[in-house]
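**Q** what's the 3D shape of this:
(2 chains)
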Amino acid sequence: QVQLVQSGAEVKKPGASVKVSCKASGYTFTSYYMHWVRQAPGQGLEWMGIINPSGGSTSYAQKFQGRVTMTRDTSTSTVYMELSSLRSEDTAVYYCARGMEEFRFNYYYYYMDVWGKGTTVTVSS
Amino acid sequence: DIQMTQSPSSLSASVGDRVTITCRASQGISNSLAWYQQKPGKAPKLLLYAASRLESGVPSRFSGSGSGTDYTLTISSLQPEDFATYYCQQYYSTPPWTFGQGTKVEIK
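**A** Predicted coordinates for the structure are as follows:
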């Protein structure tokens, strides 16, 4: 079955960087985009960006431009999300989610069908 | 960016009740709408996509409808395991993908 297994919880100091991994299994890794979504404590869901595991192309939310980098390793079917210059407001659970393709009206649309369990990142001095 | 607004933000209901949650987009999204269920401490789970298509394995008491800018999620007969927070998300005009703020369904 399709699974996304994320790395463990992290505690970081302000100004540091964190790199979260998401290992995919149960499907062809390079055939599906991967999203990253975060959720601050008690808050809603916030889209951070997307990576195409096939070619490595990325698109980031404007809010995170310059601070986030998404990469992939096709040999291990793993995607990574690195967030730099951490501040307390980055304390959140970070999720990876597979992008499922829907073809409609001669165009492709992508929703999120399978999610990882999340990685808690705590930023505290 | 397309803004998604859900209502209500929370509701109290009893087991067996019919529950409806509304999601409004700031512009037309041509049924490119997904609904997710999230329980405390868990990842979101996809319930419906394309506004009304039920994800495999999701109980048929969940249904979706709507068009243009206005969409609804209906739970026909609320079950104990349905108490959770529900999010809508548009995937019509991307990036960015945008979510509603969530609707918490609590036990009355």
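**Q** so which strand or helix has the residue nearest to B:Ser52 when sequence neighbours are not counted?
**A** Using C-beta to C-beta, 6 or more residues apart in numbering or on different chains and skipping the chain neighbours, the partner closest in space to B:Ser52 is B:Gly64 (4.5 Å). (Each C-beta comes from the backbone N, C-alpha and C, glycine too.) B:Gly64 belongs to strand B:62-67 when assigned by DSSP states H and E.
**Q** tell me which parts of chain B are close to chain A?
**A** B:30, B:32, B:34, B:36, B:38, B:42-46, B:49-50, B:55, B:87, B:89, B:91-92, B:94-102 (C-beta under 8 Å from any C-beta of the partner chain).
**Q** Would you mind listing which of the residues you listed are buried?
**A** Burial by neighbour count, 16 or more other C-beta atoms under 10 Å in any protein chain shown: within the residues of chain B next to chain A this picks out B:30, B:32, B:34, B:36, B:38, B:43-46, B:49-50, B:55, B:87, B:89, B:91-92, B:94, B:96-102.
**Q** could you pull out the strands for the chain?
**A** I went with chain A, as the question did not name one. Assigned by DSSP state E, the strands in chain A fall at A:3-6, A:10-12, A:18-25, A:33-39, A:46-51, A:58-60, A:68-73, A:78-83, A:92-104, A:107-115, A:119-123.
**Q** actually it's chain B I care about, not the one you picked
**A** Ranges of strands within chain B are B:4-7, B:10-13, B:19-25, B:33-38, B:45-49, B:53-54, B:62-67, B:70-75, B:85-90, B:98-99, B:103-107, based on DSSP E.
**Q** circling back: which elements pack onto the strand holding B:Gly64?
**A** strand B:33-38, strand B:45-49, strand B:53-54, strand B:70-75 (3 or more C-beta pairs under 8 Å, 6 or more residues apart in numbering or on different chains; DSSP states H and E).
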